[in-house]
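K.L.:
Provided below are the primary sequence and the corresponding predicted coordinates.
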Amino acid sequence: MATIVVKQIGSPIRRPAVQRQTLIGLGLNKMNKTRELEDTPAVRGMINKIPHLVTIVEEKA
């Protein structure tokens with residue numbers, strides 16, 4: 001099972017509601033918070049929707 005570590009680098013303040021909900025869906029809600037998630041197409045799609053708010057820190061095989 002491959003996993004990725006995602007870090008929130010942007011604030012959800014003054015962002016559209018859809019982008020805030022995507023952050024919550026990823027389990028992120030505070031600046032510089034990191035989360036280890038399973039590497040699935042759904043998670044990758046959520047990350048690609050908000051690349052200005054999150055970054056991939058590490059990919060584990």
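P.N.:
That came through, no problem.

K.L.:
can we go C-alpha only for contacts and neighbour counts from here?
P.N.:
Noted.

K.L.:
Asn29 against Thr22, yeah?
P.N.:
No. Counting by C-alpha atoms under 8 Å, Asn29 stays clear of Thr22, with 9.9 Å between them.

K.L.:
Need the per-residue pLDDT for Leu28.
P.N.:
Among the per-residue scores, Leu28 holds a pLDDT of 97.

K.L.:
Skipping its backbone neighbours, what lies nearest it in space?
P.N.:
Taking C-alpha to C-alpha, 6 or more residues apart in numbering, and ignoring the residues beside it in sequence, Leu28 has Gln8 as its nearest neighbour in space, at 6.7 Å.

K.L.:
these two touch, right, that neighbour and Leu26?
P.N.:
No. Counting by C-alpha under 8 Å, Gln8 does not reach Leu26; the two are 9.8 Å apart.

K.L.:
How about the contacts made by the nearest residue to Asn32 once chain neighbours are set aside?
P.N.:
Using C-alpha to C-alpha, 6+ apart and skipping the chain neighbours, the partner closest in space to Asn32 is Gln8 (5.1 Å). Residues counted as contacts of Gln8 (C-alpha atoms under 8 Å, 6 or more residues apart in numbering) are Leu28, Asn29, Lys30, Met31, Asn32, Lys33, Thr34, Leu53, Val54, Thr55.
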